[in-house]
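S.K.: here are the coordinates; sequence isn't available:
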C-alpha cells in the first residue's frame, strides 16, 4: 500500500471571487481540494449520487460526458485525485483512524476553467453548466 502524504501547510488561495483551500504536502506537491474546487465552481461540495471524491473515477468536476471532448490527456493526469492527510478536516474512511482529503495538482486549475469556457463556446454545455462557464471566465480574467 502506498504511503499517503501529510499536509505540511494548509491555506487558501484567491482566484477572482473564489477562495480555494490548498495544501503543500510533505512530498512537495501543491494541491487544491476537490471540495474547494466544486464550491468555487458553484457546485455542491460533494458530487451527486455519492460520486464525490475518488482516486479511480477522476475529478468530480470533469466527469460530465459532454465535457470529455475538451479535456486533454494531460489534464486528466493532473486532476487524478491525490489522497492526503489534512491538518484539519477531511473525512475518516470506514474502518480508518486518520482523516483523508482528496486534492489534485494546483497548476491544473486554469485548465479546468478553460474546459468549461471552451465547451460553452462550442455550445456543448447543459443549462446548469452555463453558470459554471461564466464563473470560470470571470476567474480567468
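M.R.: Looks like it arrived, so ask away. All figures in this text were calculated on a predicted structure; none of them were measured in a lab. Numbers count the residues shown, from 1 in each chain.

S.K.: any weak-confidence spans in this structure?
M.R.: Flagging of the chain using pLDDT under 70 yields the residue ranges 1-2, 44-57, 89-97.

S.K.: how about 50 then?
M.R.: Along the chain, segments meeting pLDDT under 50 span 1, 49-51.

S.K.: Nearest the geometric middle of it, what residue?
M.R.: Most central in the chain under CA atoms, centre = their mean is residue 34, positioned 3.6 Å from the mean C-alpha point.

S.K.: can I assume it is in contact with residue 103?
M.R.: Yes - applying CB atoms under 8 Å as the test, residue 34 and residue 103 come out as touching, 6.6 Å apart. Yep, even glycine has a C-beta here, placed from its N, CA and C like the rest.

S.K.: Now for those two: what residues contact both?
M.R.: residue 81 (CB atoms under 8 Å, 6 or more residues apart in numbering).

S.K.: secondary structure class for residue 77?
M.R.: helix (DSSP: H, G, I helix; E, B strand; the rest coil).

S.K.: residues near it, how many?
M.R.: Applying other CB atoms under 10 Å, we find 11 residues neighbouring residue 77.

S.K.: Please tell me how far it sits from residue 14.
M.R.: 26 Å (CB to CB, to the nearest Å).

S.K.: and what of residue 3?
M.R.: 32 Å.

S.K.: Need the nearest residue in space to residue 34, chain neighbours excluded.
M.R.: Spatially, and ignoring its direct neighbours in sequence, residue 34 is nearest to residue 102 (4.6 Å; CB to CB, 6 or more residues apart in numbering).

S.K.: check which helix or strand covers that neighbour.
M.R.: strand 101-105 (DSSP states H and E).

S.K.: hang on, residue 35 packs against residue 21?
M.R.: Yes - judged on CB under 8 Å, residue 35 makes contact with residue 21 at a distance of 7.3 Å.

S.K.: residues in contact with residue 131?
M.R.: residue 42.

S.K.: what distance separates the helix or strand it falls within from the middle of the whole chain?
M.R.: Using DSSP H and E, residue 131 sits in helix 127-140. Taking CA atoms, centre = their mean, to the nearest Å, one finds helix 127-140 lying 15 Å from the centre of the chain it belongs to.
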